[in-house]
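Novice: Mind looking at a prediction? Sequence and model below.
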Amino acid sequence: MSPLLQQFVSETRDLLQSISEQLLEVEKADDKQTTLNELFRIVHTLKGNTGLFEFPDLTRVLHAGEDVMSEARERPEIWDQALTDLLFESMDYVSSFCDSLEENNGEPTSDSKAATQLSKNLRAYLDGNNSEAKAEVIDSGAATEPKKSKKAATKTKKATAQKKSAGGSSKRRPPRAKGLPPEHNLLKDLPADTLIEAWKASNPEEPVWLVKYSPLAECFFQGDDPLHTARSTPGVLWGKVENDCATQDINDLDPYQCVSTFTLLSSATEDELHEHYRYVAEQTDIEELNSHHLLLLNGEDQNDALPEDSVDALCEAVEATNLKEASSIAKTALELLNKDLQAAAALRWVIAINSDTDAQEHEKKEALIVICQRLRHNQHLSGYRFSEPEERAEEHAPEGDSPDEDAVSTSDASAGLPDTDTEDLLDTLVEDDREAFEHIVRTQGRILELDPTVGWANGRLRAACNVLMKTTTSLNLSTLIPSLEEAISAALSGNTEPLADWINEVIPGACNIALVNSGSNASNEAPDTRDTAITETKADYENTENADETTDSEHEESIVEETTEQDTPAPTESPTTATATEDKQASDKTPAFKPEPAVAPSKSVKVDQEKIDRLMNLIGEMTVAKNALPFLAKRAEEQHGLRDLAREIKEQFAVVNRIAEEMQDSIMQIRMMPFSFISMRFPRLVRDISRRLNKDVQLVIEGEDTEADKNIIESLAEPLIHIVRNSLDHGIEAPDVRKQKGKPATGNLTIRASQEADRVMIEIQDDGKGIDPDVIRNKAFEKGLIDEATRQRLSDKEAVNLVLMPGFSTADEVSDLSGRGVGMDAVRSAVDKVNGTMALESQVDKGTRIRISLPMSIAVTRVMIIESDNQLMGIPMDQVLETVRVPRSEIHTVKHVKTTVLRDRIVPLKSLNELLELPAEQIINEEEEHAVLVARVGNDVIGLVVDDFRGSVDIIQKPMTGVLSGMQAYSGAALIGDGSVLMVLNLKEVL
């Protein structure tokens, strides 16, 4: 990925975070004007940045968002929660687009349909109070795929011209024949010759397309030329221009407003059309038309134009596949008819279809059947009973071949399909089942399109076949199963075309393996190394808590602040408010805006984290090197008698130690990140979840400027998300329940960060229903987590902490928020990984408070060195409470456990040699005193009996790797000044 693109992704993420904050602010603000102005400025900057690259989908979504923001500044009353949701979804799309840029090395994977639908829904708000559009946004979401197949016609305006009726018969028109394709309103004005030409140009592999291009009224100001765009459409067969100004006075027309709509019929490919209209995709509807959609009878409607016996004779000739006779009947009848009648159009169709030398005989017959049925419907005659498709297939099957054999050996989709209409069959499903079925089939179709030459292609194909068969069977679509079994058999034999045809019959256009096959030769010369992933396009781009997650540390960036004493930035100013792109957009502001005060340039630079990690490694090596100087001084004095040299070494050590500690502190400050780095995602998370649960929740965040090491801050993200979700789902009650308890309808959720000594304290507190210890005891007993004796023995405080056990959950139903029994256990595990502690307190109907204590840094660890059995070991200082000498006479045995009393508190004692199974006894000094290190392990205090203390030292702890990684008794190892290896104990595992 180029440096420019890397900068674009980085700045885009910063701007997205600012947009998220402003969207939440505009919902709460009484005076929205100032916030809307700032929001428009950020969106405008983001859209301007995309202009540097060829990302039409991204530009289209942001351009629509910018237009909405511009309108909202003029009319703040249009702002509502639905619009906020839609803008959030649009920004999620932008974030997903940036993710794909990073994952694919600058080659994004974008869903053009989702982008088009998002931009259309955004522009629906520009039309005024369009309640239908708003309901669609709320209910279906911005990225929902259309539920209709490509063959289904879209809703359009009814034709303004009334059809003439010259017939005098009063007979009621009979119902349409079953399976007859609907008549498309936009095609009713086409001349018959144009329809015939389009029908001849279409085939199952190359359909024709109906394009409706509705330019924006202000498109001229955006540099668009709608007339040129429409006229240069590839493969145009027919076109029409409609102007929405027929009732306006010529003097009232604005020449700078576009009022034209273009409707075109094209024989180009879908990709060519999308490429041509890519910059105005949200203004364009492109619809596939199969050959039967074109078989229309346009003209004047006269229901007694042809005698019934003539129509019957025509149908009988078609049924008998006597196409020559049918053409003769049509020519004879046409000589006696008015050429402008619909019946005459039907006869011209019969003649034209029979004269088409490129069409197969069975294709001609299928088309003639549609024409005959339309003609009978037009003439108010009942439908003719034509033979079913399978019967006709038997007529045309070669001798010795059965239809079933032909279905397997050919790639024609109709050969292996059931005689039941697929669309009618899918209509029998409930809406959710049908939507899920269509999505699964589309996904398997996309899997078939993947490169078939890779080594895992066979396994991928078998998985897709298995999914299709199980899905079809589970929905009881029995009529589809035989054809699917045949297609799967052919696919596993090496021919995937029948399976692709089956998928396309169920969901038209869902699979196009022709592109893969056509590029197979090229792929042999230059294999495609892209890693293609099949991802689900969801309606509302949910799971937003992961949208702002940072990627692997190799790609992360840290902010290095270089602030002088003279330059003090404003406390509320973000380090990224004055980027290069913002300087560019500042010059683009229109005069309508009030001038804003100039922003002082931020003295910050973005540095790749690898460089900072390299500095940390170097300072770690320097720490080890300078710690060797005291040992060197000791050797010079004791072994060589050089006391003066030893004194000079110690003096230089003091200087080097001071410089090294300052360097270490400076580098640690670079790695420090504020708590706001993760807390900024909680306002939206709380907003979205509370809306889904129909709860009113006020979120308060305190101490966002509290800093800790980057790794510590990032490790907090997932645990806090679990806790917040649990608080919203289980803790805070619904408004009506809170009122019954005498509480305010709005619940309070507080997240507080603070610093205590060298620890970071995070507190999450709510005023919900709390945790009932009796309920927890019973649930734990029912799940087999505790026995009856334990249930009776547990105190209320101990019972409440059972929620931290693996697999524990009080939810009766499993939802996407809770109920799976992994939330709080995952929280405790994440806290333990960074040597943190966790405490939980709760009162019924008062609320719950969770306190998390974490070290400020895990890069440099200060340990207490102790000696036991002539071996040196380290214990982290954040676990050490004190070191004492306990006389042997003050050690007592209580219930087989050695204890002592320290400051009126009974402390159990454990011998380190016994815990590590060392052969030697613990050594006591001349005063018969034991060296006892008092440590806190979890919520317990324990005394560890050792041989001696050796002081504390800063170390760069390295994790256990290789064969030693399984030794849980040690958390890591480090080099100390004399060059020896110091093992750091994991007291929780040792005890």
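Specialist: Noted; the coordinates are in hand. From a predicted model like this one, the values you see are computed outputs, not experimental measurements.

Novice: same for the host helix or strand of Ile723, what does it pack against?
Specialist: Here Ile723, judged by DSSP states H and E, is contained in helix 710-726. Helices and strands touching helix 710-726, by 3 or more CB pairs under 8 Å, 6 or more residues apart in numbering; DSSP states H and E, are strand 672-674, helix 676-679, helix 682-692, strand 747-756, strand 759-766, helix 823-833, strand 847-855. Placement of C-beta: from N, CA and C, glycine included.

Novice: same thing but at 7 Å, please
Specialist: With contacts taken as 3 or more CB pairs under 7 Å, 6 or more residues apart in numbering; DSSP states H and E, helix 710-726 sits against helix 676-679, helix 682-692, strand 759-766, helix 823-833, strand 847-855.

Novice: Tell me which of those lies nearest to Asn338.
Specialist: Among those, helix 682-692 comes nearest to Asn338, with 63.3 Å by CB to CB.

Novice: in that closest one, what's buried?
Specialist: Within helix 682-692, the residues scored as buried using 16 or more other CB atoms under 10 Å are 682-690.

Novice: Let's have the helices and strands packed on helix 710-726 in JSON lines, adding distance to Ile440 and mean pLDDT.
Specialist: Putting the helices and strands packed on helix 710-726 into JSON lines (distance: least, CB to CB, whole Å; pLDDT from 0 to 100) gives the following:
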{"stretch": "helix 676-679", "distance to Ile440": "36", "mean pLDDT": "84"}
{"stretch": "helix 682-692", "distance to Ile440": "25", "mean pLDDT": "86"}
{"stretch": "strand 759-766", "distance to Ile440": "39", "mean pLDDT": "89"}
{"stretch": "helix 823-833", "distance to Ile440": "29", "mean pLDDT": "78"}
{"stretch": "strand 847-855", "distance to Ile440": "40", "mean pLDDT": "88"}
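
Novice: between these, which gets nearest to Glu316?
Specialist: helix 682-692 (62.5 Å).

Novice: what ranges do the helices span in the stretch 151-300 of the chain?
Specialist: 192-201, 226-231, 270-276 (DSSP state H, counting those that start in this stretch).

Novice: which of the ones you listed is buried the deepest?
Specialist: Ranked by mean neighbour count under mean count of other CB atoms under 10 Å, these are led by helix 192-201, which reaches a mean of 20.

Novice: residue ranges for the strands of the stretch 101-250 of the chain, please.
Specialist: If you assign secondary structure with DSSP state E, counting those that start in this stretch, the strands in the stretch 101-250 of the chain sit at 208-213, 236-243.

Novice: Can you lay out those strands as JSON lines showing mean pLDDT?
Specialist: Shown next, in JSON lines, are these (pLDDT from 0 to 100):
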{"stretch": "strand 208-213", "mean pLDDT": "87"}
{"stretch": "strand 236-243", "mean pLDDT": "85"}
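
Novice: Nearest to Asp608, out of these?
Specialist: Nearest to Asp608, of the strands of the stretch 101-250 of the chain and by CB to CB, is strand 208-213 at 46.3 Å.

Novice: ok, now which ones touch Val94?
Specialist: For Val94, the contact set (CB atoms under 7 Å, 6 or more residues apart in numbering) comprises 12, 16, 58, 61-62.

Novice: what's the closest of those residues to Lys833?
Specialist: Leu16 (29.0 Å).

Novice: That closest one should be in a helix, yeah?
Specialist: Yes: counting by DSSP: H, G, I helix; E, B strand; the rest coil, Leu16 is found in a helix.

Novice: where does Gly874 land in three-state SS?
Specialist: Going by three-state DSSP: Gly874 is strand.

Novice: bridging residues for it?
Specialist: With DSSP bridges applied, Gly874 shows beta-bridge pairing to Ile865, Val984.

Novice: hang on, isn't it packed against Leu982?
Specialist: Yes: taking contact to mean CB atoms under 7 Å, the distance of 5.0 Å between Gly874 and Leu982 places them in contact.

Novice: of those two, who's got more company?
Specialist: Neighbour tally, Gly874 and Leu982, criterion other CB atoms under 10 Å: the higher count belongs to Gly874, 26 against 21.

Novice: Next one: the more buried one from Val624, what distance?
Specialist: 14 Å (CB to CB, to the nearest Å).

Novice: Mind listing the shared neighbours of those two?
Specialist: Joint contacts of Gly874 and Val624 (CB under 7 Å, 6+ apart) do not exist.

Novice: about what we covered before: wait, which of the helices and strands packed on helix 710-726 is closest to Phe437?
Specialist: helix 682-692 (25.6 Å).

Novice: List the buried residues for the very next helix or strand once past the closest one?
Specialist: Per DSSP H and E, the first helix or strand lying C-terminal to helix 682-692 is strand 697-702. Going by neighbour count (16+ other CB under 10 Å), the buried part of strand 697-702 is 697, 699, 701.

Novice: If the last one is in a bridge, with which residues?
Specialist: This means Ile701. Here Ile701, judged by DSSP bridges, has bridge partners Ile751.

Novice: residues in contact with it?
Specialist: 679, 682, 751.

Novice: how about a cut-off of 8 Å?
Specialist: When contacts are counted by CB atoms under 8 Å, 6 or more residues apart in numbering, Ile701 touches 679, 682-683, 750-752.
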